[in-house]
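Novice: requesting a structural model of the entry that follows:
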Amino acid sequence: MINYYEILGIDFNATKDEIKKGYREMAKKYHPDKHTKPGEDAKYYEEKFKIINEAYEVLSSDEQKNL
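Specialist: Alright, predicted model coming up:
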C-alpha cells in the first residue's frame, strides 16, 4: 500500500494546511520542468510528480482520505 503521508513528507495527523505545504514543497522539488534540460530523460521526475499529485488528491479529500 502506498503511504501518501510519507510521499509528501508529513505526519499522519497533518492538518489541511500542512498537507498543502507538504505538497507544494515536494512539487517544487520534483517538478519535471524545473529539473530537466532539453533532450534529457524526464521520466523519473514525471512519475514522481504524478505520485505526488495523487497523494495530494487523496489526502486533501476527506472522502478519499478515510478509505
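
Novice: if you count neighbours, what's buried in the strand or helix carrying residue 33?
Specialist: Per DSSP states H and E, residue 33 falls inside helix 32-35. Using 16 or more other Cβ atoms under 10 Å as the burial criterion, the residues of helix 32-35 that qualify are residue 32. The way it works is simple: take the backbone N, C-alpha and C, and place the C-beta from them, glycine included.

Novice: who touches residue 11 in this structure?
Specialist: Neighbour list for residue 11: 5, 18 [criterion: Cβ atoms under 8 Å, 6 or more residues apart in numbering].

Novice: which SS class is it?
Specialist: Look at residue 11: counting by DSSP: H, G, I helix; E, B strand; the rest coil, its state is coil.

Novice: run through who's touching the helix holding residue 33.
Specialist: By Cβ under 8 Å, 6+ apart, the surrounding residues in contact with helix 32-35 are 28, 42, 45, 46, 49.

Novice: could you report the neighbour count for the second one?
Specialist: Residue 42 has 15 neighbouring residues, counting by other Cβ atoms under 10 Å.

Novice: and for residue 3, the neighbour number?
Specialist: Applying other Cβ under 10 Å, we find 9 residues neighbouring residue 3.

Novice: do you know how far it is from residue 62?
Specialist: Counting by Cβ to Cβ, to the nearest Å, the gap from residue 3 to residue 62 is 19 Å.

Novice: excluding its backbone neighbours, what's nearest residue 55?
Specialist: residue 4 (3.8 Å; Cβ to Cβ, 6 or more residues apart in numbering).

Novice: okay, the one you found: pLDDT?
Specialist: What the model reports for residue 4 is a pLDDT of 94.

Novice: any idea how far it is from residue 33?
Specialist: Separation of residue 4 from residue 33 (Cβ to Cβ): 23 Å.

Novice: returning to that earlier point: check contacts around the residue nearest to residue 55.
Specialist: Taking Cβ under 8 Å, 6+ apart, we find residue 4 in contact with 54, 55, 58, 59.

Novice: I'm done for today, thanks for sticking with me.
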